[in-house]
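fold the stuff below for me.
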Amino acid sequence: MAMNSILNADDIKKALAAFAAVDSFNHKKFFEMVGLKAKSADDVKKVFLVVDADSSGFIEENEMKTLLKRFSPEGRDLSDKETKAFLQAADTDGDGKISIDEFTALVHQ
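Numbering: from 1, shown residues only. Take a look at the predicted model:
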C-alpha cells in the first residue's frame, strides 16, 4: 500500500521539504503536516504497516531511520540523533521498538 493512498501527496511533499535538513525532524509537527494526526486509528494503523517494512509487528530502529523514505522515495534517512529521539518518544514500554499501539498513541498526542 502506498502512503499517497492514505495521505495527500502534496501534504507529504511539503512535510518532507520542511524537514529536509539533518537534525530538523520533529515527529509531532511531521505527523500533523502530513495529515496523519487527524486520521482515524485505522488509517494510522495502515501507515504503521507501511513503515513496518519487515512485517514484524514492530517498527525497529532501522525502520525508524528510513521513516521519511516510507512516506516518499525522495525522503531522507533520519540521523542517529533523530532516530533515538523518535524511539525515546514512542517506546513507552522500553523494549527498543515501537508497537502499533505505541505508534498510534504517538501520532495522536
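
now do the strands in this structure.
Remark: strands assigned in the chain by DSSP state E are 58-59, 98-99.

so can I have JSON lines of those strands showing mean neighbour count, mean pLDDT and distance to Val22?
To be clear about C-beta, it is placed using only N, CA and C from the backbone, and glycine gets the same treatment. Formatted as JSON lines, these follow (neighbours: other C-beta atoms under 10 Å; pLDDT from 0 to 100; distance: least, C-beta to C-beta, whole Å):
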{"stretch": "strand 58-59", "mean neighbour count": "22", "mean pLDDT": "98", "distance to Val22": "21"}
{"stretch": "strand 98-99", "mean neighbour count": "22", "mean pLDDT": "98", "distance to Val22": "22"}
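
for those, give me CSV that also has distance to Ile12.
Converted to CSV, those look like this (distance: least, C-beta to C-beta, whole Å):
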stretch, distance to Ile12
strand 58-59, 18
strand 98-99, 20
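
how long is stretch 47-63 end to end?
Counting by C-alpha to C-alpha, to the nearest Å, you get 13 Å between the two ends of stretch 47-63.

most centrally placed residue in the chain?
Leu67 (5.1 Å; C-alpha atoms, centre = their mean).

for this structure, give me the ranges with low pLDDT.
Low-confidence segments of the chain (pLDDT under 70): 1.

so what's the residue count around Met3?
19 (other C-beta atoms under 10 Å).

one more: Asp80?
Per other C-beta under 10 Å, the neighbour tally for Asp80 reads 11.

of the strands of the chain, which is nearest Ala9?
Ala9 lies closest to strand 58-59 among the strands of the chain, at 22.3 Å (C-beta to C-beta).

stretch 102-109: how far from the chain's middle?
Relative to its parent chain, stretch 102-109 has a centroid offset of 10 Å by C-alpha atoms, centre = their mean, to the nearest Å.

got the CA positions of that stretch in PDB?
Provided in PDB are the C-alpha atoms of stretch 102-109 (Å, rounded to 0.1, in the frame of the first residue of the first chain):
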ATOM      1  CA  GLU A 102       2.700   3.000  20.700                       C
ATOM      2  CA  PHE A 103       2.800   4.400  17.200                       C
ATOM      3  CA  THR A 104      -1.000   5.200  17.300                       C
ATOM      4  CA  ALA A 105      -0.600   6.900  20.700                       C
ATOM      5  CA  LEU A 106       2.400   8.900  19.500                       C
ATOM      6  CA  VAL A 107       0.600  10.100  16.300                       C
ATOM      7  CA  HIS A 108      -2.500  11.200  18.300                       C
ATOM      8  CA  GLN A 109      -0.500  13.000  21.100                       C
END
